[in-house]
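# sharing a model prediction with you, sequence too.
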Protein chains: 2
Amino acid sequence: MYLTQGLHRAVQQFPQRAVTVEDGRRRDYRTQMDRCARLAGALAGAGLVPGDRVAILALNGAVHWDYFPGLWWGGLVANPVNTRWSLKEMAYSLSDSGARVLLVDDAFLERIPELRRLCPGLQQVIHVGAAPTPAELTAYEPWLAAAEAVPDRRVGGDQLAVILYTGGTTGFPKGVMLSHSNLWSSAVGRLAETEVPSPFVTLMAVPLFHTAGLAKLVTQLIVGGTAVVEAGFRVDTVLADMAAERVTDVILVPSMIQMLIDHPTFADHDLSALEALTYGASPISQALLERAMAALPGARFMQSYGMTEASPVITVNPWWNHRGEALRNGRVRSAGRAGWGLEVRVVDPQGKELPPGTVGEVIARGDNVMLGYWNQPEQTAEVLRDGWLHTGDGGYMDEEGYLYIVDRLKDMIVSGGENVFCAEVENRLARHPAVASCAVIGVPHDQWGESVHAVVVLRPDSEVSEAALCDFCREELAGYKCPRSVEYRDSLPLSGAGKVLKNVLREPHWRGRDRRVS
Amino acid sequence: MYLTQGLHRAVQQFPQRAVTVEDGRRRDYRTQMDRCARLAGALAGAGLVPGDRVAILALNGAVHWDYFPGLWWGGLVANPVNTRWSLKEMAYSLSDSGARVLLVDDAFLERIPELRRLCPGLQQVIHVGAAPTPAELTAYEPWLAAAEAVPDRRVGGDQLAVILYTGGTTGFPKGVMLSHSNLWSSAVGRLAETEVPSPFVTLMAVPLFHTAGLAKLVTQLIVGGTAVVEAGFRVDTVLADMAAERVTDVILVPSMIQMLIDHPTFADHDLSALEALTYGASPISQALLERAMAALPGARFMQSYGMTEASPVITVNPWWNHRGEALRNGRVRSAGRAGWGLEVRVVDPQGKELPPGTVGEVIARGDNVMLGYWNQPEQTAEVLRDGWLHTGDGGYMDEEGYLYIVDRLKDMIVSGGENVFCAEVENRLARHPAVASCAVIGVPHDQWGESVHAVVVLRPDSEVSEAALCDFCREELAGYKCPRSVEYRDSLPLSGAGKVLKNVLREPHWRGRDRRVS
């Protein structure tokens, strides 16, 4: 198996079908395959050999459909750079991966001189934008047009396909090595378990440097579907494109869902073609989920829980747990069950499987589990043990194998000896009518070690006092779980993947302390 | 990925669900997993190590769900013996695979003394039946109960899972080596493309020594479904079981479909639960297909084209090509298109891809393609070239990648320099109201090399003259394609897989000639 298979199949079966739609411009599969064969030829001409890394620093664009399958066609390894990172982080990842060639779009041209200085290993920078190409750079389209279309090397299986640098929310970025087989397994396992929208027209609004975006691209190529490409998440453009292109499939992070359904023109757009909405990457409040399902009654909602290291899917909670009894008995809050092709367990610190209902660390094993961290054998050995990926997430299972994530283990608050899982408190707070979004963290407390602290963004024209919010929590939560302090903000700091950057929220509280908990 | 994954998942998610129903006896997944762990323990206790072969000679039974996943649990290799073979063929395959242990049921006990004599490598024979166990054999259930349940070795990926000896219709049997990944890819690729019946209750009537039966078992374990096990194809029992167990899924060869719908009690059984009927292994006449669809209006019919060497699926023609326009434009007669995860092409003898509409050899490449033939590097090299499986089947593709199999290449008749594809003539003959089934072969002809000869089985109380049949063909076929001679028989000789044994039909005509065509 190799990730270019879908291209060959699509060209055989529906060569005229659009692979991408970008600002209304359509590119068909036959053209796409030719461009991939040329990109592979151009890179081979530049002296690259199978296994070499090629980076891209660009907003989502049709060029990513040249880039990913084109590299795979030539047996090369993709290293898409997180566009939201600082220059220093970008340079770190480019140097660490040893990328020899970098593709850059207009939006990041100005960073190139400094990146070249910091990354002497970069031998060539290709400019893929519409702006004039600076002298030291290679203009993409003429370079591609002049290249020879080479045969597909059909590199696949356990060979390295991409290196994705994770998060950066804590510590230094690590390069997650994913093989062809890793990405294929995650995509096909998920396709096998759920209905596939037909036609498959997916909105690509999550960034393609992120595992969720990349996995969707892989899925789309396997299916032979069409991607409607969004350079960013401009809500009005997204709504217009979804309606105009009759988008049937979308993956969104909760913050995007909220922006979408709260947009003043939401109701003006016909989104009735939408069949499948997958959400994930960060916890969603039940209040937001219920509002979204009401706003998009024709779409089947599905939760996907995973991480970059799992390519990314670990569990899926399918649409049929988003209605009826599942809404009342809480199963809608589950992250779902192990899919076909992998095993998921909850274990204690010694690796022993825990009985249903007991919180422990979530571990997973399957073809979707990464090869390891690039150049980090020790960190790899820490998370991959006997083939099991240790997620660092805390959760429990019910009697039917449904997984409930209670929190990132490291985010758990220990207050007065009691464990407080932030997600539980956040879910309660989010149900208050005045709360738009929120995050719960632990802050230092001389007596209890940590105390529960809530950071809250209010809805427009709403207000609620600290005391009222605490009382609202106390209606449903044990006293020790309720916030002792509340901080109001205009917005929450988010990572590129839409996750709340809790370390940013914590930092001022913990500054100068060398241990987080006493 | 390893083929025991489904067991772990099923035990986590629905431990009480039945994995098998045999003569009304149900076995649940938790019990099944324990039995597999014990069988692996018993075989390890007998001195077997990962990679060793263990054979079974038995009619379809619940014991096969101990056997296959139990061997995989211990990293062992399954070698299910074709129960329809002669003693000599059985002994050949057991010796060739080097099986150390053989499981045998009551039906084949009497063959054991002779098999032991012919296969001195067999160190232990386990008796799995209800009859008294002969002195030199080990009784299965006590042996299993006494064994230790060992941990799953989780052997998988490219490791050998089974050796299936093919056909035997021509030449000596060859052992097809299939890996965990081969079987998994074929099953999951197919699951991903089509709706999966829910609940998944499959009728296991095709033999488990055949790739179609084995692939269905693998699929069922991945899904976590239930198999209703049929020791043979007794039509009345099959009908009763399908109704009583509310069977939702079935794979049948065309001859089984015909027996089912023509059975006098067919209409007395409620088969309304049936959602999916897959047919394949041998060509079906459109007349039979249309009768079957009319008889089972609630079922989605799907054709699967493949072979043991492809684990077995190469193409699938889904249900939506079995209705409406597809019935009229002939797409229903297609073998389908390349599924997700593999490539299919039609090539000339030099391996060059042929344009749509041109007949050539069908080749396929994907994770489902076998590792090779056991101990036959030369025969392996002949069919596996650059990763492409050369099927030996002749076919063409249309402009949308739909494959049409015209005949096994070797079955093609060359008459007066013209190519006649038997399937085309057979399809026409089968539409005659008096014809129950038929086969077309080439017989020697001094002037033309070969002439077209039809072997026909008439429906009860029907008759039709040779001349009338030829005229009937001439209404739609070119003159050179129409039978020059017709032979009437009560039945056609069938292989274990339900394929017509054309070599048996040809033999009396060609006896004494050393070349089939002049």
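Thanks, I have the structure now.
# pretty sure residue A:359 contacts residue A:394?
Yes - the criterion here is C-beta atoms under 8 Å, and residue A:359 meets it with residue A:394 at 5.5 Å. In this view, the C-beta of every residue, glycine as well, is placed from N, C-alpha and C.
# on the three-state scheme, residue A:37 is what?
Assigned with DSSP: H, G, I helix; E, B strand; the rest coil, residue A:37 falls in the helix class.
# do residue A:452 as well
At residue A:452 the chain is in strand, as set by three-state DSSP.
# that older thread, any shared contact partners between residue A:359 and residue A:394?
Common contacts of residue A:359 and residue A:394 (C-beta atoms under 8 Å, 6 or more residues apart in numbering or on different chains): A:406, A:421.
# per-residue confidence at the residue in the stretch 401-518 of chain A that chain B sits nearest to?
Sorted by distance to chain B under C-beta to the nearest C-beta, the residues of the stretch 401-518 of chain A start with residue A:401, at 3.7 Å. The confidence metric pLDDT takes the value 95 at residue A:401.
# next one: residue A:376
The model's pLDDT for residue A:376 equals 91.
# likewise for the one 3 residues further on?
Note on residue A:379: pLDDT of 88.
# low pLDDT regions in chain A?
Counting by pLDDT under 70, chain A contains low-confidence residues at A:167-172, A:281-283, A:407-411, A:417-419, A:496-497, A:513-518.
# which positions in chain A make contact with chain B?
Within chain A, the residues that sit near chain B (C-beta under 8 Å from any C-beta of the partner chain) are A:1, A:5-6, A:8-9, A:12-14, A:154, A:157, A:184-185, A:188-189, A:191-192, A:195-196, A:222-223, A:337-338, A:340-344, A:365-367, A:387, A:397, A:400-401.
# narrow those residues to just the buried residues.
The neighbour-count test (16 or more other C-beta atoms under 10 Å in any protein chain shown) applied to these identifies A:1, A:5-6, A:8-9, A:12-14, A:154, A:157, A:184-185, A:188-189, A:191-192, A:196, A:222-223, A:337-338, A:340-344, A:365-367, A:397, A:401 as buried.
# now, which of those residues lie within helices?
Using DSSP state H, the subset of those located in helices is A:5-6, A:8-9, A:12-13, A:184-185, A:188-189, A:191-192, A:222-223.
# how much space separates residue A:374 from residue A:175?
Residue A:374 sits 3 Å away from residue A:175 when distances are taken as C-beta to C-beta, to the nearest Å.
# over to residue A:296?
In terms of C-beta to C-beta, residue A:296 sits 36 Å off from residue A:175.
# where do the strands sit along the stretch 201-350 of chain A?
Listed in chain order, the strands of the stretch 201-350 of chain A (DSSP state E, counting those that start in this stretch) span residues A:201-204, A:226-229, A:249-252, A:276-280, A:300-306, A:313-317, A:337-338, A:342-347.
# out of those, flag the one nearest residue B:202.
Minimum separation from residue B:202 across those (C-beta to C-beta) falls at strand A:337-338, 21.1 Å.
# elements contacting the closest one?
In this structure, strand A:337-338 makes packing contacts with strand A:313-317, helix B:5-13, judged by 3 or more C-beta pairs under 8 Å, 6 or more residues apart in numbering or on different chains; DSSP states H and E.
# which outside residues touch the longest one?
Residues outside helix B:5-13 that contact it (C-beta under 8 Å, 6+ apart): A:337-338, A:340-344, A:366, A:397, A:400-401, B:17, B:19, B:29-30, B:32-33, B:36, B:69, B:73, B:152, B:156, B:221-224.
# can I get that helix in CSV, CA atoms only?
This file holds the C-alpha atoms of helix B:5-13, laid out as CSV (Å, rounded to 0.1, in the frame of the first residue of the first chain):
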residue,chain,number,x,y,z
GLN,B,5,-7.4,-7.7,17.0
GLY,B,6,-11.1,-8.1,16.3
LEU,B,7,-11.4,-10.7,19.2
HIS,B,8,-9.9,-8.2,21.7
ARG,B,9,-12.1,-5.5,20.4
ALA,B,10,-15.2,-7.7,20.5
VAL,B,11,-14.5,-8.9,24.0
GLN,B,12,-14.1,-5.2,25.2
GLN,B,13,-17.3,-4.0,23.5
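# ok now that helix, how far from the chain's centre?
Mean-position distance between helix B:5-13 and its chain equals 26 Å (C-alpha atoms, centre = their mean, to the nearest Å).
# and stretch A:44-62, which residues are buried?
A:44, A:46, A:48, A:52-62.
# out of those residues, who's nearest residue A:307?
Distance to residue A:307, by C-beta to C-beta, is smallest for residue A:60 among these, at 21.0 Å.
# go ahead and confirm the closest one touches residue A:203.
No - if you go by C-beta under 8 Å, residue A:60 and residue A:203 don't touch, sitting 10.4 Å apart.
# so what sits against both of those two?
Where contact means C-beta under 8 Å, 6+ apart, the residues bridging residue A:60 and residue A:203 through contact with each are residue A:230.
# okay, which residue is most central for chain A?
Nearest residue to the geometric centre of chain A (C-alpha atoms, centre = their mean): residue A:212, 3.6 Å.
# got a list of what the closest residue in space to residue A:488 that isn't next to it in sequence touches?
Once its chain neighbours are removed from consideration, residue A:488 has its nearest residue in residue A:456; the separation is 5.6 Å (C-beta to C-beta, 6 or more residues apart in numbering or on different chains). The neighbours of residue A:456, taking C-beta under 8 Å, 6+ apart as the test, are A:429, A:435, A:437, A:438, A:469, A:486, A:487, A:488, A:489.
# doesn't residue A:456 belong to a strand?
Yes - counting by three-state DSSP, residue A:456 is part of a strand.
# what sits opposite it in the beta ladder?
Under DSSP bridges, the beta-bridge partners of residue A:456 are residue A:438, residue A:488.
# for the residue of chain A most remote from its centre, grab phi and psi.
Centroid-distance maximum for chain A: residue A:447 at 38.4 Å, with C-alpha atoms, centre = their mean. For residue A:447, the backbone dihedrals are phi -90, psi -50 (criterion: degrees, to the nearest 10).
# and the closest residue to it other than its chain neighbours, how far from residue A:202?
Nearest non-adjacent residue to residue A:447, counting by C-beta to C-beta, 6+ apart: residue A:416, 7.5 Å away. In this structure, residue A:416 and residue A:202 are separated by 47 Å, where distance is defined by C-beta to C-beta.
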